[in-house]
Structures are given as C-alpha cells and as structure tokens.
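Participant: For reference, the sequence and a predicted model appear below.
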Amino acid sequence: MANESLNVKSTVYGVKQNYPISVEEEQAIEALGGIDRAAAIADQILARHGFLRGLFTKRERDQIRGGRRPQNRTIKFHFDPGKSLRANINDLLDQATELQTTGGGTNYVGAMLQHLVGAKLDIVLGLGKIKHHGFSVADQSTARQSDFQIETVAIHVTTHPNEALVRKSAENLSAGLRPLIITLGAGVEGASFLLSGANLSDRVDVLDVGQFLTANVYERSLFKTAACKVTFSKLLDRYNEIVARCETDPVFRIVIKSDAE
C-alpha cells in the first residue's frame, strides 16, 4: 500500500503541471465524493504507513476545489496613487502569476513581460521602429537573435534566465551585437550567476523589468507624480494594442479600470 501511495504521488508530481491532477484523477476524486473526502481518505492511508505529509497541500486542495479553470480570467488594473509605481506594476504581474497557476500551461507572466517591454520601446522610439511577435514565437526557440533588436542592442525578455539564453547572448556578441537581458527581480541574480560561469558577466547587461518600466514612467512624466498615472495608462494602452495584434488569447489583455469603477 505504501508503494501504491508513492506511485499515486509520483503520478501527480512526477512531471511539471500547472494543475495538480489529471482529468482522469479529477473524475475519480469527484466519484469519491470530492477533494476533501478523497484527500482525507488518502491522508489516513498515508499516515498508517508512516507518511506524515498529506497527498495534497492546502493550496492544491483549494485549487482543485475551485475547478480546472480560474473563475476570473481577466487581468484588471486600477492605478493606486497611494502605492509606488513598482507596486502597481507588481500588481499586474501578481494577477498574471495567479492566472498562470491554473492557465493550462500558458506562460501569462512571460507574455506580459515581453509585451510591456515592447510597449515601452514603442513609446520611446515611436511606432514601427521594432518588430513585435506573439509570445509563443520566443527568440530562444527560433533563429531570431533576440526578442527585440534596436541598432546593435539585442534585447532578451525572460522570466527565467537559463543556459540557452546565455549561449544566445554569446552568439549575439560574436555577431557584433550587445545583449541586454530584462527579467523579473528574482531572475537578475540567477542571470548574473550564469553569465559569470560563462565569463560574460562584464559583457552582458541584466535589468530588473520593474525598475526598467518604473524609471521610464518617471522620466516620461518629468518626475511629476500627478502625471505618472496618465503615462502608465498610455503604456498599458499600447500594450493592449500589441496584444490585440500579436496574440489570439484575449486573456492577455489588461482591462484598465477608471476611478469610478
């Protein structure tokens, strides 16, 4: 029985899944009377065989109980002047992260990062100066040298810097390009570590996307805090235009709420 329990556990966790159980397991759990009853039975069996932890964490039980698809598949934004610009940006990323958790494998955070950076570049450089691609057409899996290229700067936008990206950066350098990696705050240290291992730490710039966007909003608002809301809204408007052109899933769109809502 202990081995059977372990096998069940490995079936659930043996591969990376955004949803903790398969469709077949979901149907079996419903037949047993729901996740709470099924988890209680499984935990009793595990406890009798010396396993102290349960089959599912509380978060996984809540996720299964709520259903395979999130109830709210809309990313909404309301500028909060009482928060920092960085906190307002993080609110968007947090919503994308929550959506991604039960989004069937879609990388909503990565797509949001790519198109927010693209929107900023359009605003800074003017429309038509850079090419936009759907997120599924990632530069790491294609022959493209980067997500965006401006003059001799090759810009890579990623949530998780990895060795493939470091190799791509090395290729950029060999081709006479200057690589720039833009990632989440948590990914900056990891990217720096990988670049150091490849002796590229002093040849590739790595930026935190939150700082990258925040600095731009302040600069374009001439550091007038009252103007930051308008500037940030323009950034999101351009983001939505890019999403409408490059993505087929409307969930990528950000619904901008007014003060009255």
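Facilitator: Done, it's in. The structure presented is a predicted model; accordingly, all values stated were derived computationally and were not measured. Residues are numbered from 1 along each chain as shown.
Participant: Show me the shaky parts of the stretch 101-250 of the chain.
Facilitator: Applying pLDDT under 70 to the stretch 101-250 of the chain flags the ranges 102-105, 137-143.
Participant: hey, where'd the strands end up in it?
Facilitator: For the stretch 101-250 of the chain, the strands defined by DSSP state E, counting those that start in this stretch cover 148-150, 153-158, 178-183, 205-208.
Participant: Could you point out which of these sits nearest Ala87?
Facilitator: strand 205-208 (14.1 Å; Cβ to Cβ). Where C-beta positions appear, they are placed from N, C-alpha and C, glycine not excepted.
Participant: For that closest one, name the packing helices and strands.
Facilitator: If you count contacts as 3 or more Cβ pairs under 8 Å, 6 or more residues apart in numbering; DSSP states H and E, strand 205-208 packs onto strand 178-183, helix 185-197.
Participant: Go through that strand and flag the buried ones.
Facilitator: Buried positions in strand 205-208, judged by neighbour count with 16 or more other Cβ atoms under 10 Å: 206-208.
Participant: Okay, now the sheet partners of that strand, with direction.
Facilitator: strand 178-183 (parallel) (DSSP bridges).
Participant: which residues touch the partner strand?
Facilitator: Under the criterion Cβ atoms under 8 Å, 6 or more residues apart in numbering, residues 113, 117, 146, 152-161, 165, 168-169, 172-173, 191, 203-209, 212 lie in contact with strand 178-183.
Participant: How far does that strand sit from its chain's centre?
Facilitator: How far strand 178-183 lies from its chain's middle: 17 Å, per Cα atoms, centre = their mean, to the nearest Å.
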